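A.B. asks: Kindly generate the corresponding structure for this input.
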Amino acid sequence: MRDYADVWEVDWTVHPRFSKLTIDGVIYKHGDSGRGGNDAAFTQAKDNFRSTVIGHYHSQAGVKWWANPEFRVFGMSVGCGIDASRLQFEYGRRIVAKPILGCGVVINGRRTIFEPWLLKSR
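C.D. replies: Numbering: from 1, shown residues only. The predicted structure follows:
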């Protein structure tokens, strides 16, 4: 079997779906390896007691913060990387909430930015 990085022709390491990485104190993982629902990344960050970044939840993207008197964490969802026009995602045509594609950046485990990709205006 070919490595994902080779198949996709990228110069970085592609980790298996249920990998969990911790970089600068922030957990990075595939979103469906934790609780889902509304604000899944935020819920998982609180469950982990640690800032958490996830993908997978097609119609969720952005950053939400939570704090108590001792610490503060964020949950960031980076949406998904699908092409909703492909046959594999035909099931989504009937769903009102559509995929959000974009880019999430975490700087030194503390500063967060999510930038959605622009859509064509109607």
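A.B. asks: pull the helix or strand with minimum mean pLDDT from this protein.
C.D. replies: Comparing helices and strands within the chain by mean pLDDT, DSSP states H and E singles out helix 4-8 as the least confident, with a mean of 83.
A.B. asks: Mind giving me the packing neighbours of that one?
C.D. replies: Packing contacts for helix 4-8, counted by 3 or more CB pairs under 8 Å, 6 or more residues apart in numbering; DSSP states H and E, involve no helix or strand. All C-beta atoms are positioned from the backbone trio N, CA, C, and that covers glycine.
A.B. asks: List of residues touching that helix?
C.D. replies: Contacts of helix 4-8 from elsewhere in the structure, counted by CB atoms under 8 Å, 6 or more residues apart in numbering, are 11, 12, 13, 14.
A.B. asks: Which of these has the largest number of neighbours?
C.D. replies: Looking at these with neighbours defined as other CB atoms under 10 Å, the largest count falls to residue 14 at 12 neighbours.
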